[in-house]
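Q: Fold the following, please.
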Amino acid sequence: QVQLVESGGGLVQAGGSLRLSCAASGRTFSNYDMAWFRQAPGKEREFVAVIRWSGGSTSYADSVKGRFTISRDNAKNTVYLQMDSLKPEDTAVYYCAARRSSVVLRTTPNYYSYWGQGTQVTVSS
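A: Have a look, this model is predicted:
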């Protein structure tokens, strides 16, 4: 089992920044690819960003490319999502997720076995 706990959400004005953290425990963190997803009210959960176990490869949704940065610190068992130039449409509950590392970086929720409880991000206009 892998336990994931997100933190860092909050209320921010458009154009501002937030940094989300996801602390992992329970298994060897460096064996897992880590991803961020988000879900707005009335919408399906959508992919935001993913990072390979080594940190050597990343992928982003087009809607956040150039504004968000995913990173990880395997020594601290933590993955981060730096969010800059936030827009009201970024408002959602943000979830981190983990899956055993594979050759392909997965961007759909059904590939991920472990999920955090989510953290709310609200961007005001």
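Q: Could you list the low-pLDDT ranges of the chain?
A: In the prediction, the chain carries no residues with pLDDT under 70.
Q: What residue, apart from its backbone neighbours, is nearest the residue nearest to the spatial centre of the chain spatially?
A: Central residue of the chain (C-alpha atoms, centre = their mean): residue 36, 2.1 Å from the mean position. Leaving aside its sequence neighbours, residue 36 sits nearest to residue 48 (C-beta to C-beta, 6 or more residues apart in numbering; 4.2 Å). For every residue, glycine as well, the C-beta is placed using N, CA and C.
Q: I'd say the residue nearest to the centre of the chain and residue 58 touch.
A: No - if you go by C-beta atoms under 8 Å, residue 36 and residue 58 don't touch, sitting 10.8 Å apart.
Q: can you count the residues close to the closest residue to residue 39 other than its chain neighbours?
A: Counting by C-beta to C-beta, 6+ apart, residue 39 lies nearest to residue 45, which is 4.3 Å off, once chain neighbours are set aside. Residue 45 has 17 neighbours, counted by other C-beta atoms under 10 Å.
Q: got it, and residue 38?
A: 23.
Q: what sits opposite it in the beta ladder?
A: residue 46, residue 94 (DSSP bridges).
Q: Which residues are in contact with it?
A: When contacts are counted by C-beta atoms under 8 Å, 6 or more residues apart in numbering, residue 38 touches 45-46, 48, 90, 92-95, 121.
Q: From those residues, keep the buried residues only.
A: Neighbour-count burial (16 or more other C-beta atoms under 10 Å) applied to the contacts of residue 38 gives 45, 48, 90, 92-95, 121.
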